[in-house]
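Need a 3D model of the following:
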Amino acid sequence: MPRFTPNELYKNYRDGMAGCLWEEHIFEELIATSRYAYFKDGAKKIKNSGKGKLSTPFMSVLKFDKNAYIERQTTGDCVSHATRNGCDLTRAVEIDIKGDKESWIARGATEAIYGCRGHGGQGMSCSRAATFVSKTGGVLVRKNYPGVADFSKYNGSMGARWGSRGLPDKVIDKADEHQVKTVSLIKTVEEARDALANGYGLSVCSSYGFSNKRDSKGFARKSGSWAHAMSWTACDDTGKEPAFLVQNSWGKWNGGGHPEWGPIPDGSFLIHADVAAGMLRQNGAYAFSDFNGFPPQKLPDYGFVDYL
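Just a heads-up that it's a prediction; the model follows:
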């Protein structure tokens, strides 16, 4: 299996490599079997709670793991990274609010998520990944599970191999011990804003590509087309319209400026509301909650600490 560098990933996705796929039947089954299939149904108590706010919940992740966003994909498993990053953000905020640092253990593992994709080729659908972490499997972390599998270090080949043969039963059973309670489809910019303002992470599959250079304020312009998944980790709604921080999984593939509110992790960039809206219209954006629905949560005060 080839191991792509950040520059190779950028080129390959621009040239048509499919990291995210569309599976209508998986999407429809997830919607039909979820109590809160749509975010708006499980998030009525937090509607408009992010309006006018700067919300940076990714800082809870960095509080527990400064290198969380350095880990990069080496194959077409972007959906597993975006899903893991979304689940990790949700988990980190909850732990941070409770002040229970010891329960963090490690960042999430990607291999089992990618291994459940059901075929031996590259790519998977965001709906299949969302189904796995909430229904047919669950969340595993970067550690060794004796007698099951060693996930302590990222191994893209492991998840790639499991695609055609299926996940070992022991892996499924272990993942099933820690399922995400609620996974819901995000349809609008306002919903994405409110999710992040309450510490709920997002994974977003879309066909939108972007420049590898950020402008002076941290924004990347839309450029080309990628069949790709990335997580959204912050929202700035203090201006005329919401802006979202997008975290890629290619390592240090881009560069440029940073927003006024502080430095952003390597590989990330800001997008404007109109671009965000276009991505969300493609029915590939999911929010993750460890509660039944999306109850209000007050983000920790991150102050002026440099988490990077």
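
Let me know the pLDDT of Asp306.
With respect to pLDDT, Asp306 scores 65.

what do you get for Thr5?
According to the prediction, Thr5 has pLDDT 94.

With the one 4 residues further on instead?
As predicted, Leu9 sits at a pLDDT of 96.

Look up phi and psi at it.
Torsion angles at Leu9 (phi, psi; degrees, to the nearest 10) stand at phi -60, psi -40.

For the closest residue to it other than its chain neighbours, give me its contacts.
Distances taken as Cβ to Cβ, 6 or more residues apart in numbering put Trp250 closest to Leu9, at 4.7 Å, once the chain neighbours are dropped. Using the backbone N, CA and C atoms, a C-beta is placed for each residue, glycine as well. Counting by Cβ atoms under 8 Å, 6 or more residues apart in numbering, Trp250 touches 6, 9-10, 72-73, 267.

6 Å - rerun?
6, 9, 72, 267 (Cβ atoms under 6 Å, 6 or more residues apart in numbering).

Which residue ranges of this protein form strands?
For the chain, strands defined by DSSP state E occupy the ranges 54-55, 144-145, 149-150, 182-185, 202-210, 213-214, 222-236, 243-247, 255-256, 268-271, 285-289.

Generate JSON lines for the ones you listed, with mean pLDDT as supplementary columns.
Below are the strands of the chain laid out as JSON lines (pLDDT from 0 to 100):
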{"stretch": "strand 54-55", "mean pLDDT": "98"}
{"stretch": "strand 144-145", "mean pLDDT": "98"}
{"stretch": "strand 149-150", "mean pLDDT": "98"}
{"stretch": "strand 182-185", "mean pLDDT": "98"}
{"stretch": "strand 202-210", "mean pLDDT": "98"}
{"stretch": "strand 213-214", "mean pLDDT": "98"}
{"stretch": "strand 222-236", "mean pLDDT": "98"}
{"stretch": "strand 243-247", "mean pLDDT": "98"}
{"stretch": "strand 255-256", "mean pLDDT": "97"}
{"stretch": "strand 268-271", "mean pLDDT": "98"}
{"stretch": "strand 285-289", "mean pLDDT": "98"}
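
Can you tell me which of those is nearest to His81?
Closest approach to His81 among the strands of the chain is made by strand 222-236 (7.5 Å; Cβ to Cβ).

contacting residues around that closest one?
Residues outside strand 222-236 that contact it (Cβ under 6 Å, 6+ apart) are 13-14, 18-20, 54-56, 58, 78-79, 82, 85-86, 89, 126, 193, 196, 202-205, 207-211, 242-248, 275.

How about stretch 80-93?
57, 60-61, 64, 73, 107-108, 110, 113-114, 129, 133, 139, 199-203, 229-231, 233, 247, 249, 288.

can you list the weak-confidence ranges in the stretch 51-200 of the chain?
Residues of the stretch 51-200 of the chain meeting the criterion pLDDT under 70: none.

Please, where are all the helices along it?
Residue ranges of the helices in the stretch 51-200 of the chain, as given by DSSP state H, counting those that start in this stretch, are 58-64, 78-98, 111-115, 126-131, 156-165, 169-175, 189-197.

other SSEs contacting the fourth one?
I take that to be helix 126-131. Applying 3 or more Cβ pairs under 6 Å, 6 or more residues apart in numbering; DSSP states H and E, one finds that helix 126-131 contacts helix 24-33, helix 78-98.

Any chance you could give me that helix in CSV, C-alpha atoms only?
The C-alpha trace of helix 126-131 is given here as CSV (Å, rounded to 0.1, in the frame of the first residue of the first chain):
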residue,chain,number,x,y,z
CYS,A,126,-19.2,9.6,6.3
SER,A,127,-22.6,8.0,7.0
ARG,A,128,-20.9,4.6,7.3
ALA,A,129,-18.3,6.0,9.7
ALA,A,130,-21.1,7.7,11.8
THR,A,131,-23.0,4.4,11.9
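
How far off centre is stretch 117-126?
A distance of 17 Å separates the centroid of the chain from that of stretch 117-126, by Cα atoms, centre = their mean, to the nearest Å.
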